[in-house]
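Q: coordinates for the following, if possible.
(one chain, ligands or ions: 1)
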Amino acid sequence: VTLRAFFLDDDGLHLLDQRALPQQERWLVLRTVEDVAQAIETLAVRGAPAIGGAAAYGMVIATRTGMPLEEADARLRRTRPTAKNLFFALDAIRDAGRDAPAVLAAAQKIVRDDEAACAAMGEHGAALFADGDVVITICHTGALATCGQGTALGVIKSARAQGKNISVVALETRPLLQGARLTAWECAKEGIPCTLITDGMSAFAMKKLGVTKAIVGADRIARDGSTANKIGTYALATVAKAHGVPFYVAAPQSTFDLEIASGADIPIEERAATEVSGFATRVWNPAFDVTPPELIAAFVTERGVVT
Ligand code: MRU
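A: So this is what the prediction gives:
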């Protein structure tokens, strides 16, 4: 992995401030659990697996600063509700034991496992893509959003590494513009041809830009395959279906929530109205939506392609 969202050393958790991208590459050093919690809440770090990894290291910081682990765990669980990976990571740390070496080993394992899962998703998923594919995606799903090369963007990277000439069409992703600010930036860094469009252009782009496949990441997947991901994903899946374009979801097992039966049970984060408009009186601003399973062609996981 060349690009990294964060790393831990003796000084603290170093984190590339995603709020400043692409204008500025600014690194933060977080030394308290409250710093880490606020970084997750304010989106300095975002993307489901990256949130899980950062929270895991937040628990390591708790052992360093002497914050009771129950308190740190409760604080980090309150940061963002939708991404299952956050709760997966905190559950794994809770199960690992209460002493500092056990917490450190468990946190490092979460990060290492996610890096390996990204590589494996890339291997499995690359087989679904052919030379010349034009692939549409939403939000950000690369190295910034994970502990490895990425989920959906990771699959595209692996397919390209096999010599397939694949280009990306990135939705800008209203209202916070993760597509415009993060995916387009990461594609430029990695030399992946990327065309940026606004979210409303997706249907027309299917025809005009010759889109052949769609792949997105996920924040939480229910037992029936309903998939919570960035707001606008459901619309993209619907548009893909209408154009006969297969729609794939790339996600590690830490994103699957088998305790939840369907999309109706997935907690959807609602964010500040001011992100959408400073002047409207009434605004609805959910951060994620749920794509029904019948719109999804297959899941790409580290264990294989699952239908
Ligand atoms: O609000 P964000 O930026 O954390 O949302 C991120 C997404 O929706 C991603 O698509 C998702 O976490 C899955 S892929 C890493």
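Q: only C-alpha atoms from now on, for both contacts and neighbour counts.
A: Fine.
Q: ok, now which ones touch residue 270?
A: Contacts for residue 270 (Cα atoms under 8 Å, 6 or more residues apart in numbering) come out as 284-287.
Q: which non-adjacent residue is nearest the residue nearest the centre of the chain?
A: Residue closest to the average C-alpha location in the chain (Cα atoms, centre = their mean): residue 47, at 3.1 Å. Of all residues not flanking residue 47 in the chain, residue 145 sits nearest, at 4.1 Å (Cα to Cα, 6 or more residues apart in numbering).
Q: confirm for me that that neighbour is in contact with residue 50.
A: Yes: counting by Cα atoms under 8 Å, residue 145 sits close enough to residue 50 to count as a contact (5.1 Å).
Q: which neighbours do the two share?
A: Both residue 145 and residue 50 are in contact with residue 5, where contact means Cα under 8 Å, 6+ apart.
Q: any chance you could map the strands in the stretch 1-150 of the chain?
A: Under the criterion DSSP state E, counting those that start in this stretch, strands of the stretch 1-150 of the chain are mapped to 6-9, 12-16, 27-30, 134-137.
Q: looking at the ones you listed, which is nearest to the ligand?
A: Ranking the strands of the stretch 1-150 of the chain by proximity to the ligand (Cα to the nearest ligand atom) places strand 134-137 first, at 9.0 Å.
Q: highest neighbour count among the contacts of residue 270?
A: The most crowded member of the contacts of residue 270, judged by other Cα atoms under 10 Å, is residue 287 (19 neighbours).
Q: please report the distance of that residue from residue 260.
A: Shown here: residue 287 relative to residue 260, a distance of 19 Å by Cα to Cα, to the nearest Å.
Q: tell me which residues touch the spatially closest residue to residue 181 that is not a sequence neighbour, please.
A: Spatially, and ignoring its direct neighbours in sequence, residue 181 is nearest to residue 22 (5.6 Å; Cα to Cα, 6+ apart). Contact analysis of residue 22 by Cα under 8 Å, 6+ apart lists 181-182, 185.
Q: now residue 22: how far from residue 167?
A: If you measure residue 22 against residue 167 using Cα to Cα, the figure is 20 Å.
Q: same check on residue 194?
A: Counting by Cα to Cα, the gap from residue 194 to residue 167 is 6 Å.
Q: what does residue 116 give?
A: The span separating residue 116 from residue 167 equals 24 Å under the rule Cα to Cα.
Q: do a quick rundown of the helices in this structure.
A: Along the chain, the segments classed as helices by DSSP state H run 33-41, 48-65, 69-77, 84-96, 100-126, 152-161, 178, 184-190, 202-208, 233-242.
Q: to residue 2, which of these lies closest?
A: When the helices of the chain are compared for distance to residue 2 using Cα to Cα, the nearest one is helix 184-190, at 9.0 Å.
Q: any part of that closest one near the ligand?
A: No: with Cα under 6 Å from any ligand atom as the threshold, helix 184-190 lies outside contact range of the ligand, at a closest distance of 13.0 Å.
Q: quick one: mean pLDDT over that helix.
A: Predicted confidence along helix 184-190 averages 96 (mean pLDDT).
Q: tell me what it is packed against?
A: The elements that helix 184-190 packs onto, with contact taken as 3 or more Cα pairs under 8 Å, 6 or more residues apart in numbering; DSSP states H and E, are strand 194-197.
Q: circling back: could the helices of the chain go into TSV alongside mean neighbour count?
A: As requested, the helices of the chain are arranged in TSV below (neighbours: other Cα atoms under 10 Å):
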stretch	mean neighbour count
helix 33-41	21
helix 48-65	27
helix 69-77	18
helix 84-96	21
helix 100-126	21
helix 152-161	24
helix 178	25
helix 184-190	17
helix 202-208	16
helix 233-242	20
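Q: now those helices in CSV, with distance to residue 12?
A: Below are the helices of the chain laid out as CSV (distance: least, Cα to Cα, whole Å):
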stretch, distance to residue 12
helix 33-41, 10
helix 48-65, 7
helix 69-77, 16
helix 84-96, 18
helix 100-126, 13
helix 152-161, 27
helix 178, 26
helix 184-190, 25
helix 202-208, 41
helix 233-242, 35
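Q: out of those helices, nearest to residue 292?
A: Shortest separation from residue 292 across the helices of the chain is recorded for helix 233-242, at 7.7 Å, computed as Cα to Cα.
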